[in-house]
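In: A predicted structure for the sequence below; I have some questions about it.
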Amino acid sequence: MTTRARHQPRVGFHVQPARIHGVWRLQPEPIEDSRGFFAETYRTSAVEEILGRAYSFAQSNHSRSQANTLRGFRSEPWDKLIYIPRGTALCVVVDPRPDSPTFRQHESFMLGDAPGQRERLLISRGLCNAFYTLTETDYLNDVSKEFDASVRRGFRWNDPSLGIEWPCTDPLLSESDRMLPDFESYLSGH
């Protein structure tokens, strides 16, 4: 069910739950004219209403990736609010939580410039996400806790057991992403 964020000042956005339990799409209602557009992409009260608990940014991250780059899959014990202000990226979320109704499922979102959607993803702590850039892309990732490398984990982007259809079979990867374990090893804590 789509709901509209409360307490709308000038513009607003809709909140749409995704298929993966713990992911929401924040869909702005931009004001457009001959100059361009203006869109509200986040409001603390709306995010707290979605999560059912207090939320605040502890750290904001901005990466720029050239086309054909893939980053992820990573999981951390913090909430993430993702936005693509420039470029187009395919963002994929996987649910690795054994007690979740969407355990082992994934969902893909095309974000950013057309053919992407100009919306934000709110991803609950414990879920894993990755993204592939179709163009040079700026990726904003606001998180609810400061980065701590000791709790960061991940798994291989192309694990066949997940059945994810990526647009490319040979993306640009970091060495750390290349060395991630398969999904089963991730689940067993390796």
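Out: Perfect, thanks for sending it.
In: Output the longest helix belonging to the protein.
Out: When the chain is parsed with DSSP state H, its longest helix is helix 44-51.
In: Pull out the buried residues from that helix.
Out: For helix 44-51, the neighbour count (16 or more other CB atoms under 10 Å) marks 46-47, 50-51 as buried. C-beta coordinates here come from the backbone N, C-alpha and C atoms, glycine included.
In: Which single one of those is nearest to Arg25?
Out: Among the buried residues of helix 44-51, Ile50 lies closest to Arg25 (CB to CB), at 10.5 Å.
In: Specify which member of the buried residues of helix 44-51 is nearest to Phe38.
Out: Ala46 (17.5 Å).
In: Relative to Arg118, how far out is that closest one?
Out: Distance, Ala46 to Arg118, using CB to CB, to the nearest Å: 17 Å.
In: for Glu184, same thing?
Out: In terms of CB to CB, Glu184 sits 36 Å off from Arg118.
In: On the pLDDT front, check the residue of the chain most remote from its centre for me.
Out: Most distant from the centre of the chain: Ser34, at 30.7 Å, with distances by CA atoms, centre = their mean. Predicted confidence (pLDDT) for Ser34: 93.
In: Ok, Gln27 next?
Out: 88.
In: can you count the residues close to it?
Out: For Gln27, the count of nearby residues is 19 (other CB atoms under 10 Å).
In: and it, what element?
Out: Assigned by DSSP states H and E, Gln27 falls within strand 23-29.
In: list the buried ones in that strand?
Out: 23-28.
In: strands paired with that strand, and their directions?
Out: strand 12-17 (antiparallel), strand 120-123 (antiparallel) (DSSP bridges).
In: As JSON lines, those strands with distance to Ser188, mean pLDDT and mean neighbour count would be great.
Out: Below are the strands paired with strand 23-29 laid out as JSON lines (distance: least, CB to CB, whole Å; pLDDT from 0 to 100; neighbours: other CB atoms under 10 Å):
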{"stretch": "strand 12-17", "distance to Ser188": "30", "mean pLDDT": "84", "mean neighbour count": "17"}
{"stretch": "strand 120-123", "distance to Ser188": "23", "mean pLDDT": "94", "mean neighbour count": "24"}
